[in-house]
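> no sequence for this one, just the structure:
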DNA sequence: TTGTAAGCGTTATCAC
DNA sequence: GTGATAACGCTTACAA
């Protein structure tokens, strides 16, 4: 069906290959009548140029690869990566690029992945990676493959990245709880191999420090982003002689576990336990009491990453770009009013 | 860095292009010493052949495209598509293929997608699509692009597909509830543009019919796979003069809404309301009372789809393949024992 | 076992 | 404005 080549189209339209090529690529120097005739033939036969041939001569694929963390496959957390991907995709469509997500376990098949990247399928890569010492950005960098990272690693000098200020975001979340009068505020950390987990913990500590609340190790749980750990850690917290009155979770997913554990013990949210999450997943709205949380602009992060990448590809722009997108504290029902409430008439 | 061509490698190794090519492609007819020397040079320079050049001559990309429904972006339901993708990816790695997921809104960018597919980026496609009259399989079919569908459409004659028997699976779920003594069994349907939603409803009706329970329209809700509809419909059910004692949900996601609505009214699960879901998402385990549900072999579906596709690609196998993979009813806590319980001493 | 040469389907550089 | 013609980087007969 579409095994026709440009040569065939040329013959059918009674012109040369070059002219057909010009029509396809929208070059102006073709007489309207000719252009029209050629276009007719192209449409009639649903001819589309073969990508490989084109790529070979132009040395461009107009394709960008999207690499996700392994995490994405196992986690509820999935939605945030999907959103970032959507952002990337939007820009690509607009700029007439193609974006493809590479499948497969990153850590298990690293060599396969690197080989693939070296074979120049992609003009560039958007890499979603928040891990310390991830080998992937290192590889991209010293292979000279243009990439923009979503996330960052203080140990690694990425030329271009898009991220949020996790320290500040977490700090504001915890300050909110403090502002409501809470003093015993538990925190569930994310996986500490992720920079965002470390930073959010840092923000938590800063907020406490600022108001002179001593850090109580018992109120800090080693989470791993999953519902299960939210559940287990909350049980531990609630077993304490003096349990927390508030809790900050490093993501929304873990809150699902927190809420379940609380429910099981008859602990009410927010009356007995105020909760702030992180991410602002749409999907959770229906599960929890409306969750107070930090909104992360996932789609926008994908958008910016793609824009920055394409800018580099098209304008050879190799200036460093380090963008921190703004987060917002979205206040809903899961915090209630603590001191304020008891101060009411 | 890896801008070297096969020509450069040949020169550096003191052989001809052909020999390098033979080494790369693992052809036997190369003297071990030579092979070794060439391989050294390749490794030293981290040379990888350029995909486009290779594809141009072989007319094969060894790449398969994975197309997801738009749904996947919006839904919690995401996990099942990710799992199918994992299955596809596993097989590809094993068979030395590359799999890439096409990004972007299917319905909005149909022409873009079709153009992409026509440009021969992919040797074949795994298409996850359970919609009636989806234009995508139709396009693939009459473009002669090999594809295997995950899901099917009775209105469309797909040459190869992998699916489950939704009617039978749903039927067994509802029979389970009936077996526990329930007579007023509500059902939440999925989006009826999806064949699986229609089939699951059919299974529900069959199960009732078999034991002579009349279909009560009031107990059937038009769902759309989301948490929100699970919530709203359950409220409606519980408002009925004679509310259901059991509920079958067309997927696990919607159960989240069901459970929330039940909780809010002090309806206990399973004592007051027994629930059976569909999918068996790992992630839900922590959210609901352990959910009785139908397990769908998502990864395996991806695996089979990829295997069937690659078989077609490599052996020109154009026999029809219609595989229905087995589902299982996984019995956990969300159903309890209804009649049995009251029959106990 | 190895090398030479043709050709894959495009775009790009020239002439005309 | 249009058409030859030479790349692009690889694989693959066919020769040697």
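Perfect, I can see it now. Bear in mind that the values here come from a model prediction, so they are computed numbers and not experimental data.
> got any ranges where the stretch 51-200 of chain A has weak pLDDT?
A:72-77 (pLDDT under 70).
> which residue does it bring closest to DNA strand D?
In the stretch 51-200 of chain A, the residue that lies nearest DNA strand D is residue A:57 (3.4 Å; CB to the nearest atom of the strand). Every residue, glycine included, has its C-beta placed from N, CA and C.
> What number of residues are in the vicinity of that residue?
The local packing of residue A:57 (other CB atoms under 10 Å in any protein chain shown) involves 9 other residues.
> Residue A:139 too?
Applying other CB under 10 Å, we find 16 residues neighbouring residue A:139.
> With residue A:205 instead?
Residue A:205 has 18 neighbouring residues, counting by other CB under 10 Å.
> right, and it touches residue A:215 too?
Yes: in this structure, residue A:205 is within contact of residue A:215 by CB atoms under 8 Å, at 6.0 Å.
> List the buried residues of whichever helix or strand residue A:208 is part of.
In this assignment (DSSP states H and E), residue A:208 forms part of helix A:195-210. For helix A:195-210, the buried set under the neighbour-count rule, 16 or more other CB atoms under 10 Å in any protein chain shown, comprises A:195, A:196, A:197, A:198, A:199, A:200, A:201, A:203, A:204, A:205, A:207, A:208.
> got it, and stretch A:166-186?
Buried residues in stretch A:166-186, counted by 16+ other CB under 10 Å: A:166-178, A:180-186.
> Residue A:51 - how many residues pack around it?
22.
> any idea how far residue B:105 is from it?
Per CB to CB, to the nearest Å, residue A:51 is found 21 Å from residue B:105.
> now residue A:126
Distance, residue A:126 to residue B:105, using CB to CB: 18 Å.
> Likewise for residue A:220?
Noted for residue A:220: a distance of 42 Å to residue B:105, by CB to CB.
> So which of those two has more stuff around it?
Legend: neighbour count by other CB under 10 Å for residue A:220 and residue B:105, higher for residue A:220 (18 against 15).
> which residues does that one bridge with?
When assigned by DSSP bridges, residue A:220 has beta-bridge partners residue A:187.
> Check the contact between it and residue A:192; I expect there is one.
No: Residue A:220 is beyond contact range of residue A:192, at 11.3 Å (criterion: CB under 8 Å).
> Can you work out which residues contact both of those two?
The contact sets of residue A:220 and residue A:192 overlap at residue A:201 (CB atoms under 8 Å, 6 or more residues apart in numbering or on different chains).
> Would you check that my belief about residue A:34 contacting residue A:22 is correct?
No: in this structure, residue A:34 is not within contact of residue A:22 by CB under 8 Å, at 9.2 Å.
> Touching the helix or strand hosting residue A:34 from outside, list them.
Here residue A:34, judged by DSSP H and E, is contained in helix A:32-45. Helix A:32-45 has contacts (CB under 8 Å, 6+ apart) with A:2, A:4, A:8-9, A:12-15, A:19-20, A:23-24, A:30, A:47.
> redo that, cut-off 6 Å
With contact meaning CB atoms under 6 Å, 6 or more residues apart in numbering or on different chains, helix A:32-45 is reached by A:4, A:9, A:12, A:13, A:20, A:23.
> Return the distance of that helix from the chain's centre.
Taking CA atoms, centre = their mean, to the nearest Å, one finds the center of helix A:32-45 at 43 Å from the center of the full chain.
> which of the residues in it are buried?
Buried residues in helix A:32-45 (16+ other CB under 10 Å): A:34, A:35, A:37, A:38, A:41, A:42.
> Residue A:322: what's it in contact with?
residue A:161.
> Would you mind listing the buried residues in the helix or strand where it lies?
Of the helices and strands defined by DSSP H and E, residue A:322 is found in strand A:321-325. Within strand A:321-325, the residues scored as buried using 16+ other CB under 10 Å are A:321, A:323, A:325.
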